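Undergrad: build me a structure from this.
(2 chains)
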Amino acid sequence: MRKRIVSILAMGLILVPFLLVGAVSAKTLKIGSLSPLTGPYASDGTDIKNGVLTAISVFEEQGGMPGYDKIELYAQDTACDPRQAVAAANKLVNLEVAGAIGAYCSSSTIPASNVLDEEEVIMITPASTHQDVTERGLPYMFRMCGRDDAQAPAAAKFIKEALGAKTIFIVDDKTTYSQGLADGVKKAAEELGIKVLGHEHVNQGDKDFSAVITRAKQADPDVFYMSLQGFSPAAMMTLQAKRLGMDSQIVTQDAVFQPRFMEVAKEASQGVFQTYGYTDPTTPEYKAFEERYVPKYGKIAAYATYAYDAATTLLKAIKAAGSTDPAKVKAEMMKMDYQGVAKRIKFEENGDTGSNYIAFKVVDDKFVPYWDPEKGLLK
Amino acid sequence: MEYFIQQFVNGLTLGGMYALIALGYTMVYGVIQLINFAHGEFFAAGGYVGAITLGYLSGLGYMQTHPVLCLSAAFVFAMAYCAYLAVGVEKIAYKPLRKESRLAALLSALGMSIFLSNGMMLTQGVYDKIYPGEMFQGRFDFGTVAISYLQIMIIVLTALLLVGLNLLVFRTKIGMAMRATAQDKTMSALVAIGSNKIISLTFAIGAGLAAAAGIMYGLYYGSVRYDMGFIPGIKAFAAAVLGGIGNITGAMLGGLIIGMVEVFGAGYFSSEYKDVFAFIILIGVLYFKPTGIMGENIDDTRV
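TA: Okay, the predicted model is just below:
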């Protein structure tokens, strides 16, 4: 046995020089990403990783980073678990990445950002919408997507004005994001005079929602509002709601804006509404992204576009600054004002890029823009 | 009242699936006193095989013309596949450890569970796999009570499988051999019952039932995912313990109770605490009857 251990160690030592040569010969710019690659939100997290990978390959094609041979992505798995997110953030700090894209769940982004910010690593979240993400005065925390304190009033206004609802039943799955948003919608709805018939919580990872749906059906609300962490539980809940004969209109939120929602919920998904940041699919930037992303990774999902924009912004800023010094990169980011794939990118003082929530409706397996808080019903 | 009936049907559907999974835990425990933590993964694998079979048949167009036949084929494939898988897992991961401490086999089971779940993730992807099965949609409406065809199908199929298993274990020679092995391996070997064969058979039957539950689950919830075995696995394990681990009737009863308590807890109190209610019942029963509802100290009824 001992002999075997010695021989394994010896073989390991032989490999060491190769590793060293590999590390020295090419100068690599390291970028990190944080998103759930396993667990219930693995698909959403993989979309983020794919968005970042697309951004890197486009950037390299356009000349790459001066002074570096290549750009490498270190994709870390947060599993939407705060503890694992902190561990992943520490790993990125040890790898000395030039910046990090992520995380997905607000409950991961907030603790991970504390670690990264302390070590002055720039973090841009493509997907975490909870207001506290950028409200804690961290200098290196940025956000590509909108905020829930804009999404909740927009959703309530939509439910009141466009759907004419008088009663609402709310369900969330108790994450920082989903419960925060559900509470926001409840408050905004009450302010608009909509009666909240119930606010129920389900557990993350639940698949059977028959009991809570039966309860909501009994209450018979005009609108059934789902605030769930990912598209997958939302699709299951929608499917079960329709099968159990619920006829309330279903309204849901940004995390559900995923083409796979229609695949899983099938015919039950038709006519479901969701609030999501407005993206103009006719811009040349969006079309270019579509051409690159779709053949390789399939349909464009909720936060792939935001992840692409986040990574592109980071790389552009590093290039403009000519250094990975976080203060210089941040200065370049604050100067930016350009049309990205998902939205126009111009950072505010606190690191936000503004919210532009509108309501979409699922028609013929597509998310169709339906209502805008300023313009009212579209088309 | 209508609300109660609706929740009752919901609970029966969920409880039936738990019962099918719980049987695998309890049968394996009965024969080799091992908690097979990889059992939840057999359930998930069954769901996947069903999805792949139905997807293939649906692509060929048979699903639209002969839905019942296709569904039967999916059940047969999935149950057979998982039975083989379970026998293989037993041979690789448990058999070499049979003479070692029980803890070693338990850890091996945990490892196998992680291995299988990650294996499914790597081969099938992280995305939900969609279940074809639109033709089984539809429901009966009695006032506000809505009972879907799928719920009826699941309840009926579960009942048939449970009755079939009872007949197999208590009315056939094979069942008698299984019960004999569970009671005393040395003694049963002396009367020419091959314990290896019986252990393999027990794994196969348990996994087959879990695979059937996997397909029902996929049809009912519309999709399957690599990690779907974990939570139902834990619940079914709790059901097996509640009913008295090692006891077949106990596992069926335990599954139904856990499903019912969960649904009624969510329906009448709060869906946030539904798991809490299920485990309160578990603790309550174990406090007064540590061997579970049907569990006995004498080992003559277990398989």
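
Undergrad: can you list the weak-confidence ranges in the stretch 201-303 of chain B?
TA: B:296-303 (pLDDT under 70).

Undergrad: now do the strands in it.
TA: Under the criterion DSSP state E, counting those that start in this stretch, the stretch 201-303 of chain B contains strands at B:223-224.

Undergrad: nearest spatial neighbour of the residue of it found nearest chain A, skipping sequence neighbours?
TA: Nearest to chain A, among the residues of the stretch 201-303 of chain B, is B:A266, at 3.4 Å (CB to the nearest CB). In this view, the C-beta of every residue, glycine as well, is placed from N, C-alpha and C. The shortest distance from B:A266 to any non-neighbouring residue, by CB to CB, 6 or more residues apart in numbering or on different chains, is to A:A211 (3.4 Å).

Undergrad: which residues outside the helix or strand hosting the one you found are in contact with it?
TA: Assigned by DSSP states H and E, A:A211 falls within helix A:210-219. Residues from elsewhere that reach helix A:210-219, judged by CB atoms under 8 Å, 6 or more residues apart in numbering or on different chains: A:167, A:169, A:171, A:197-198, A:200, A:202, A:224, A:237, A:240-241, A:244-246, A:248, B:3, B:6-7, B:10-11, B:13-14, B:144, B:262-267, B:271, B:274.

Undergrad: please apply the same query to stretch B:164-179.
TA: Here stretch B:164-179 has contacts from B:23, B:27, B:31, B:188, B:193, B:198, B:201-202, B:205, B:209, B:248-249, B:302-303, using CB under 8 Å, 6+ apart.

Undergrad: redo that, cut-off 10 Å
TA: B:20, B:23, B:27, B:30-31, B:182, B:188, B:191-195, B:197-199, B:201-202, B:205-206, B:208-209, B:248-249, B:251-252, B:299-303 (CB atoms under 10 Å, 6 or more residues apart in numbering or on different chains).

Undergrad: mind checking which of those residues land in helices?
TA: Among these, the members found in helices (DSSP state H) are B:20, B:23, B:27, B:30-31, B:182, B:188, B:195, B:197-199, B:201-202, B:205-206, B:208-209, B:248-249, B:251-252.

Undergrad: if we check chain A, which of the residues you listed are in contact?
TA: Here nothing survives when the ones in helices among the contacts of stretch B:164-179 are matched to chain A using CB under 10 Å from any CB of the partner chain.

Undergrad: what subset of these is buried?
TA: In the ones in helices among the contacts of stretch B:164-179, burial by neighbour count holds for B:20, B:23, B:27, B:30-31, B:182, B:188, B:195, B:198-199, B:201-202, B:205-206, B:208-209, B:248-249, B:251-252, counting by 16 or more other CB atoms under 10 Å in any protein chain shown.

Undergrad: wait, B:F277 touches B:A266, no?
TA: Yes. Judged on CB atoms under 10 Å, B:F277 makes contact with B:A266 at a distance of 8.2 Å.

Undergrad: got the contact list for A:Y140?
TA: A:99-100, A:113, A:116-124, A:326-327, A:329-330, A:333, A:351.

Undergrad: out of those residues, which end up buried?
TA: For those, a neighbour count by 16+ other CB under 10 Å gives the buried set as A:99-100, A:113, A:116-117, A:121-124, A:326, A:329-330, A:333, A:351.
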